[in-house]
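Colleague: Provided below are the primary sequence and the corresponding predicted coordinates.
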Amino acid sequence: MSRDRKTWYLIANATHPGEQHFYQLPLNGGALQQMTSRPGAHEVVVSPDGRTLAVRYSYTNKPWELFVMDNKPKAKMRQLTHSTTPEFESYAWRDPEIITIKARDGADVYARLYRPTGAVAQGPAVIFVHGAGYLQNAHKWWSTYSREYMFHNLLVDKGYTVLDIDYRGSAGYGRDVRTGIYRYMGGKDLTDQLDGAKLLTEKYGVSPQRMGIYGGSYGGFITLMAMFTQPDVFRAGAALRSVTDWAHYNHGYTDNILNEPYNDSIAYARSSPINYASGLKGALLMCHGMVDTNVHFQDIVRLSQRLIELKKENWELAVYPVEDHGFIEPSSWTDEYKRILKLFETNLKPAGDRVGNGQPTSTGQ
């Protein structure tokens, strides 16, 4: 509320789910008045006298910077900070297109699309699955997944089309999206990935035989579900710091979605990748930190033993002895992304168009 008690200040996504603008609203009701104008996101603090706005602003390919502007509708913002380095600015970071996928149940699902210039017909594609479940990433501001954003630029440089989907359960789209995975994780959140893959082949000319998928944490879980239950869709997948059995994950997160294992065992059974491991056909890379205090290392150990018992050979586990859920050491991040890139280059490109080998090639496809 303004100091004169006449106005509400608020931030809303009224123009687009992937934009956040600063608005004024009369205290007793009325029309919203948009104050900021640039596409992206604005975090705003009003000065004590109410005349000036401090604005933290970013766009998809421009990290957060601090600006000031007059407290007037769509006034010009004056930049105060410049945080990027010459090295960062030497590369033309892409501005991904925000697209809408029409899901099989009629829902609109938003996604970031990265496309190579002059994309070749029947080229390769990678679908990225963000973590956390309840998180928004298909937006027009600088992503908290900055490493993945940079990796996606690298993939596009190498000829891949990349799709980054705000699947069911994601933040930013209201209650129905948030609750769309109730009692079935690996249900609509997975079919949204399948519908994205279908769109890539039908509209953007991607080869259905050259599709990869990867993600960490919740994204690793979805990657496992995709590789185990949809083996004819994804030729290769990288599952990072993945939940393999939700009955082993923390109660505070899972009980809101799957209830408890002792009173809804069906929800847990159908939502846990370890129960579907027999379906693996494509090449699978798994990466996990040994001191992960979020998704415990035992999760990936149990799944590895299951794959051994099933006599699966087209998988690989990379272990990071000093790392927690979010890696710290640059050498660990570098190693992980080199392995992911090698997985895709080996399995999604013709033999004459690869950067290396060393990853298992897929079988049965």
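Modeller: It's in. Quantities reported herein were computed from a predicted structural model and do not represent experimental measurements.
Colleague: what does whichever strand or helix holds Phe88 contact?
Modeller: Secondary structure from DSSP states H and E places Phe88 in helix 86-89. Where contact means CB atoms under 8 Å, 6 or more residues apart in numbering, no residue beyond helix 86-89 reaches it. (C-beta placed from N, C-alpha, C; glycine too.)
Colleague: Equivalent analysis for stretch 137-154, please.
Modeller: Outside stretch 137-154, the residues that reach it (CB under 8 Å, 6+ apart) are 16-20, 39-41, 58-64, 91, 93-94, 96, 98, 110-112, 114, 126, 128, 130, 162, 164-166, 170, 172, 333, 337, 340-341.
Colleague: related to what we said a few turns ago, could the C-alpha coordinates of the helix holding Phe88 be exported in CSV?
Modeller: This file holds the C-alpha atoms of helix 86-89, laid out as CSV (Å, rounded to 0.1, in the frame of the first residue of the first chain):
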residue,chain,number,x,y,z
PRO,A,86,33.3,-8.8,-21.9
GLU,A,87,33.6,-12.5,-22.2
PHE,A,88,29.9,-13.0,-21.6
GLU,A,89,29.0,-10.2,-24.0
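Colleague: how much distance is there from the host helix or strand of Ile213 to the middle of the chain?
Modeller: If you go by DSSP H and E, Ile213 is part of strand 206-216. Relative to its chain's centre, strand 206-216 lies at 14 Å (CA atoms, centre = their mean, to the nearest Å).
Colleague: which secondary structure element contains the nearest residue to Arg78 once chain neighbours are set aside?
Modeller: Spatial nearest neighbour of Arg78, chain neighbours left out: Val68 (5.3 Å); criterion: CB to CB, 6 or more residues apart in numbering. Val68 is part of strand 62-70, with elements assigned from DSSP H and E.
Colleague: Just checking: what are the partner strands of that strand?
Modeller: Its sheet considered, strand 62-70 pairs with strand 52-59 (antiparallel), strand 78-79 (antiparallel) by DSSP bridges.
Colleague: Quick one: those as CSV, columns for distance to Leu285, mean pLDDT and mean neighbour count too.
Modeller: CSV is the format used below for these (distance: least, CB to CB, whole Å; pLDDT from 0 to 100; neighbours: other CB atoms under 10 Å):
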stretch, distance to Leu285, mean pLDDT, mean neighbour count
strand 52-59, 31, 98, 18
strand 78-79, 42, 98, 11
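Colleague: Nearest to Val243, out of the ones you listed?
Modeller: Each of these has some distance to Val243 by CB to CB; the shortest is strand 52-59, at 29.9 Å.
Colleague: Show me the contact partners of the closest one.
Modeller: Here strand 52-59 has contacts from 22, 35-36, 38-47, 64-71, 77, 95, 140-142, using CB under 8 Å, 6+ apart.
Colleague: mind redoing it with 10 Å?
Modeller: 9, 19-20, 22, 35-36, 38-47, 64-72, 75, 77-81, 95, 140-143 (CB atoms under 10 Å, 6 or more residues apart in numbering).
Colleague: Mind checking which of those are buried?
Modeller: Among those, the ones that count as buried by 16 or more other CB atoms under 10 Å are 9, 19-20, 22, 35-36, 38-42, 44, 46, 65-67, 69, 71, 77, 140-143.
Colleague: So which of the residues you listed are in strands?
Modeller: Tyr9, Phe22, Ala41, His42, Val44, Val46, Glu65, Leu66, Phe67, Met69 (DSSP state E).
Colleague: how near is the second one to Gly174?
Modeller: It stands for Phe22. Separation of Phe22 from Gly174 (CB to CB, to the nearest Å): 21 Å.
Colleague: which residues of the stretch 51-200 of the chain fall in helices?
Modeller: 86-89, 146-157, 175-178, 188-203 (DSSP state H, counting those that start in this stretch).
Colleague: any idea how far Glu336 is from the residue sitting nearest the centre point of the chain?
Modeller: Centroid-nearest residue in the chain: His130, 2.2 Å away (criterion: CA atoms, centre = their mean). Using CB to CB, one gets 16 Å for the distance from His130 to Glu336.
Colleague: Likewise for Lys140?
Modeller: In terms of CB to CB, Lys140 sits 27 Å off from Glu336.
Colleague: Ok, Asp176 next?
Modeller: 35 Å.
Colleague: Pick out whichever of those two has more residues nearby.
Modeller: Glu336 (23 against 9; other CB atoms under 10 Å).
Colleague: For that one, which non-adjacent residue is spatially closest?
Modeller: In space, Glu336 is closest to Cys287, 5.2 Å off (CB to CB, 6+ apart).
Colleague: Could you check the pLDDT of that neighbour?
Modeller: Cys287 carries a pLDDT value of 98.
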